[in-house]
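1. Here's my sequence, what's the structure:
(one chain, ligands or ions: 1)
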Amino acid sequence: MTAPILVFDSGVGGLSVLGPIRALLPGLGIVYAADNAGFPYGTKSEAEIAARVPALLGRLVERYRPQLVVIACNTASTIALAHVRAALDLPIVGTVPAVKPAAERSRTRVIGVLGTAATVRQPYVDRLSAEFASDCLVLRHGSARLVTLAEAKLAGETVTAADVAPELRGLTDQPGGDRLDMVALACTHFPLLAAELAAAAPQPLGFVDGGAGIARRVAHLLGAATGQGVPLPGRAVFTRADPHVDALAPALKGFGLDSTEIL
Ligand code: DGL
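-> So this is what the prediction gives:
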């Protein structure tokens, strides 16, 4: 049997990346790791993330021996990807804010980057904007609230368009925001709220994220080592036992994660 891949996030956000990976590579063994003891990442400092993520991934790799790691978290990727690659000797796929596809699809040339506060302030976003969206006005908004709402939704709570609407206004209320037509969902939690965000849009908005591109990248890197096409039961690993983890079990099952353990 081929080794699993490890999909990593602070919480359930990485499921928005796991979904496309499973759709493309159904026979792949999956270990989904959520650092709920360190959640949320988006309000932490660069130094905290840069210290925490490589060390934790080192422990996870030692324990589960994956053939590849997906950092399914924009915050961890934009801050710690280079540190993780330097520390671990296996392929690491990061999550890049979807500025390029947003710019490609924008007709008005006003795009938004909706991520965590930590992600939207990264120089990485400046570089992506300069390289792929130099003729666009790039508006940014950091939202911790959407991260909390995505966790609540997957734990079975009701989340409505009215709950997410103020976060979109964080973009549309900025100068030029009335012309915004594309939004890069630059936090992996946010595609889990795609329906609510679409329903809350105060003007026609398209949303893009990196999930499908990451799945294609994983398929490319693994080549033949992608299993037999038979869906395998995956496992979820959390860094702290917590009632929220129990509440997530039905949603995790929906993503093929049949068992849960604590690191
Ligand atoms: N899902 C993560 C991201 O893509 C971060 C959420 C958080 O822990 O704040 O940025």
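
2. Helices of the stretch 101-250 of the chain, start to end?
-> For the stretch 101-250 of the chain, the helices defined by DSSP state H, counting those that start in this stretch cover 117-120, 123-132, 145-154, 161-172, 194-200, 211-222, 243-254.

3. could those helices go into CSV alongside distance to P97 and mean pLDDT?
-> The way it works is simple: take the backbone N, C-alpha and C, and place the C-beta from them, glycine included. Output for those, formatted as CSV (distance: least, CB to CB, whole Å; pLDDT from 0 to 100):
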stretch, distance to P97, mean pLDDT
helix 117-120, 7, 97
helix 123-132, 6, 97
helix 145-154, 15, 98
helix 161-172, 14, 98
helix 194-200, 16, 98
helix 211-222, 12, 96
helix 243-254, 25, 97
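
4. any chance of those helices in CSV, plus mean neighbour count and distance to the ligand?
-> Listed next are the helices of the stretch 101-250 of the chain as CSV, based on neighbours: other CB atoms under 10 Å; distance: least, CB to the nearest ligand atom, whole Å:
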stretch, mean neighbour count, distance to the ligand
helix 117-120, 23, 5
helix 123-132, 15, 12
helix 145-154, 22, 4
helix 161-172, 18, 13
helix 194-200, 16, 14
helix 211-222, 18, 11
helix 243-254, 15, 13
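
5. can you list the residues of this structure near the ligand?
-> 9-11, 13, 39-42, 73-75, 116, 119, 147, 187-189 (CB under 6 Å from any ligand atom).

6. Any regions of the stretch 1-150 of the chain where pLDDT drops low?
-> 1 (pLDDT under 70).

7. relative to helix 211-222, how tilted is the strand or helix carrying F8?
-> Secondary-structure element containing F8, defined by DSSP states H and E: strand 5-9. For strand 5-9 against helix 211-222, the angle by axes from the mean of the first three to the mean of the last three CA atoms, to 10 degrees is 150 degrees.

8. Downstream of strand 5-9, the next helix or strand is which one?
-> helix 15-24.

9. outside of that next one, which residues touch it?
-> 5, 7, 9, 28, 30, 32, 70, 72, 95, 154, 188-192, 209-212, 214-216, 218-219, 231, 251-252, 255-256 (CB atoms under 8 Å, 6 or more residues apart in numbering).

10. The nearest residue to I5 once chain neighbours are set aside: neighbour count?
-> Leaving aside its chain neighbours, I5 sits nearest to L68 (4.7 Å; criterion: CB to CB, 6 or more residues apart in numbering). Residues lying near L68 (other CB atoms under 10 Å) number 19.

11. Helix or strand for A82, just tell me which one.
-> Going by DSSP H and E, A82 is part of helix 74-87.
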